[in-house]
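Visitor: Okay, sequence plus prediction incoming.
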Amino acid sequence: MKHIRILAPLLLAITATARGQIVMADNYDVIGNGDGFALGAGLNSGINPPTTRLTGSLAGNMRYIATNAAKVSTAYTITNGKFQVAATQNSGRVAFSSDGIVPFDFGPALGATTATPSSPVIYELRTSMANTESGIFRFSFGIGTVEADVTFWDFGIQLYRAVASNDFYTIQRRIDIGSSDVADINAPITTLGGGTYGTEVNFLLRVTDAGPETTAFNSRVQVSLDGGSSFIYDTRTDSSLPNGWRLDGAGRYLLWDIAGTGATSTGFVTYDNLSVVVVPEPGAAILGLIGALVAGSFRRGQR
């Protein structure tokens, strides 16, 4: 019985630790107030620091900003508890900022600036995406070492239909030449089943980050649609990446990009359930928990 009393909290603690540290999360569950990017309005509804709907260790002063303002600000709203962008002409791009001006670099918080090939950091980027636009335009989510459009992203996913009559999604990958050292990659990962177009798809991007690299390729991205139980894509098995994959700079920027549509297009795209979580290295976390629990058990035994 004594061993069971020790084992039960150990298992609970290991399970909790395996979930990792939440760096940033946003479920968009707030009543939308207008549109655009002003504090307390549009995508920043419920965000007017120190008041915020965001959670996580970096929630503090964070807010959304437009880094490509070509798309009209009225396209951006929180609608039905989701980050929504209406079908409008011209591309738009969004990032986090801690001051409302400069895009925020997550690198230090993720541990990327001190990561190495022998001691990488693992983190997971999650988001849910849906596309109901009437044409074939793409919208994207990804990570880059600089804040820029999708042609410069180290890794990004896009959700769209290749032909307007399709009732299913194509999932595309975008990889910059700096991360492949071969060429920019703009190609499908897979297509989903019939009837999926317009439904929400849950993405998990698991990044094994070996830190900034310019001569080697030791990082990795895996893409899952089922919370990490299986993966539909892995940079380590991508034949388009004969060298492997890397993050070729110190910055780590979360990026949203929404393409411009035709003048007569209708519909919208949505993002939901964002989270950025640092996953602890399993061995060290478990050993530390075992040590703490055994020490506590020993002290109880002495008493």
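Guide: Here it is on my side, so go on. Numbers count the residues shown, from 1 in each chain.

Visitor: Now do the helices in the stretch 201-303 of the chain.
Guide: All helices of the stretch 201-303 of the chain, identified by DSSP state H, counting those that start in this stretch, fall at 282-302.

Visitor: what ranges of it fall below the confidence cut-off?
Guide: Scanning the stretch 201-303 of the chain for pLDDT under 70 picks out 282-303.

Visitor: what about the strands in the stretch 151-300 of the chain?
Guide: Along the stretch 151-300 of the chain, counting by DSSP state E, counting those that start in this stretch, strands occupy 155-160, 170-175, 185-191, 201-209, 220-224, 233-234, 253-258, 268-279.

Visitor: nearest to residue 115, of those strands?
Guide: strand 201-209 (5.1 Å; CB to CB). Yep, even glycine has a C-beta here, placed from its N, CA and C like the rest.

Visitor: Within the sheet, what are the partner strands of the closest one, with directions?
Guide: strand 121-131 (antiparallel), strand 220-224 (antiparallel) (DSSP bridges).

Visitor: now the last one against strand 155-160, angle please.
Guide: Spelled out, that is strand 220-224. 30 degrees (axes from the mean of the first three to the mean of the last three CA atoms, to 10 degrees).

Visitor: ok, and what's touching strand 220-224?
Guide: Outside strand 220-224, the residues within contact range by CB atoms under 8 Å, 6 or more residues apart in numbering are 155, 157, 171, 173, 189, 203-208, 230-236, 245.

Visitor: Could you tell me the angle between that strand and strand 170-175?
Guide: Using the same axes, to 10 degrees: strand 220-224 against strand 170-175 is 170 degrees.

Visitor: gap between residue 173 and residue 104?
Guide: Taking CB to CB, to the nearest Å as the measure, residue 173 and residue 104 are separated by 24 Å.

Visitor: who's in contact with residue 272?
Guide: Counted by CB under 8 Å, 6+ apart, residue 272 has contacts 27-28, 81-83, 127-130, 200.

Visitor: Go again with 6 Å.
Guide: 28, 82, 128 (CB atoms under 6 Å, 6 or more residues apart in numbering).

Visitor: what's the answer for residue 40, then?
Guide: Taking CB under 6 Å, 6+ apart as the test, what residue 40 contacts is residue 48.

Visitor: If we use 7 Å, what do you get?
Guide: Contacts for residue 40 (CB atoms under 7 Å, 6 or more residues apart in numbering) come out as 33, 47-48.

Visitor: My guess is residue 55 contacts residue 25. True?
Guide: Yes - using CB atoms under 7 Å, residue 55 is in contact with residue 25, at 4.7 Å.

Visitor: Neighbour count: these two, which is higher?
Guide: Of the pair residue 55 and residue 25, residue 25 is the one with more neighbours under other CB atoms under 10 Å, namely 17 against 13.

Visitor: Show me what the nearest residue to that one once chain neighbours are set aside is bridged to.
Guide: Distance criterion CB to CB, 6 or more residues apart in numbering; nearest residue to residue 25, sequence neighbours excluded, is residue 275 at 4.3 Å. Beta bridges link residue 275 to residue 25, residue 126 when assigned by DSSP bridges.

Visitor: do residue 255 as well
Guide: According to DSSP bridges, beta-bridge pairing links residue 255 with residue 142.

Visitor: distance of it from residue 51?
Guide: Distance from residue 255 to residue 51, by CB to CB: 25 Å.

Visitor: Who has more neighbours out of those two?
Guide: Neighbour comparison, residue 255 and residue 51: the larger count goes to residue 255, with 24 against 9 (by other CB under 10 Å).
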